[in-house]
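> Sequence first, then the predicted structure, then my questions.
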Amino acid sequence: MEFVVINGPNLGFLGQRQPEIYGSTGMDALPGLVDRLLGADARRVRLTQFQSNSEGALIDRLEEAWKARTDGLIVNAGAFTHTSLALADCLAWIKIPCVEVHLSNVHARQSSLRHTSLIARHCIGAIAGFGIMSYALAVQALWEHLGQP
């Protein structure tokens, strides 16, 4: 199985940027967390990570995933979650099983804008509030959703 992890704006410095909100663990910890959750099956999952602060680059990467027949997506669109109709439109047409991820619990954030997701309707589910573990849980959810033991 091939899964692509897509990270949007301001997520290139996870583990360093505002650790009081986003945690102090970086994306380099993800493979180990996936190994812990999936055990021996983790060897059957190939994770590719991509991050951009540019909306267009994120859309280009999603379209590349479609061309490559990627099995699943884990998307943390950052602030674009709440503002990008273009990302939502792309997820709608590529129809790759996708889990929306957030490091913090966006529903508990003070800004009500962060409570709305434009991409959610094009995802099979959402995981929020568990820091980097949110990504590993998304990998596990995709693995199970796609019918793996």
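Looks like it came in fine.
> If you count neighbours, what's buried in the lowest-mean-pLDDT helix or strand in the chain?
None of the helices or strands of the chain scores lower by mean pLDDT, DSSP states H and E than helix 19-22, at a mean of 74. Buried positions in helix 19-22, judged by neighbour count with 16 or more other CB atoms under 10 Å: Y22. From N, CA and C alone the C-beta is placed, and that goes for glycine too.
> After it, which helix or strand is next?
Using DSSP states H and E, the helix or strand that follows helix 19-22 in sequence is helix 30-38.
> what is the rounded mean pLDDT of that following helix?
Here helix 30-38 scores 87 as its mean pLDDT.
> Stretch 92-99 too?
Across stretch 92-99, the average pLDDT comes to 98.
> Check the separation of the first and last residues in that stretch.
13 Å (CA to CA, to the nearest Å).
> Please, where are all the strands along this structure?
2-7, 46-51, 72-76, 98-102, 125-128 (DSSP state E).
> how about CSV for those strands, with mean neighbour count and distance to Y22 added?
Below are those laid out as CSV (neighbours: other CB atoms under 10 Å; distance: least, CB to CB, whole Å):
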stretch, mean neighbour count, distance to Y22
strand 2-7, 22, 11
strand 46-51, 16, 13
strand 72-76, 25, 10
strand 98-102, 25, 9
strand 125-128, 18, 12
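> Save the ones you listed as TSV, and put in distance to L91 too.
Output for the strands of the chain, formatted as TSV (distance: least, CB to CB, whole Å):
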stretch	distance to L91
strand 2-7	10
strand 46-51	15
strand 72-76	7
strand 98-102	6
strand 125-128	13
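> check contacts around S54.
By CB atoms under 8 Å, 6 or more residues apart in numbering, the residues touching S54 are P9.
> how about it, phi and psi?
For S54, the backbone dihedrals (degrees, to the nearest 10) come out as phi -100, psi 130.
> cool, and G78?
The phi/psi pair for G78 (degrees, to the nearest 10) reads phi 60, psi -140.
> Could you find the closest non-adjacent residue to the spatially most central residue of the chain?
Compute the mean C-alpha point of the chain, and by CA atoms, centre = their mean the closest residue is V75, 2.6 Å away. Leaving aside its sequence neighbours, V75 sits nearest to I6 (CB to CB, 6 or more residues apart in numbering; 4.7 Å).
> bridging residues for the one you found?
F50, V75 (DSSP bridges).
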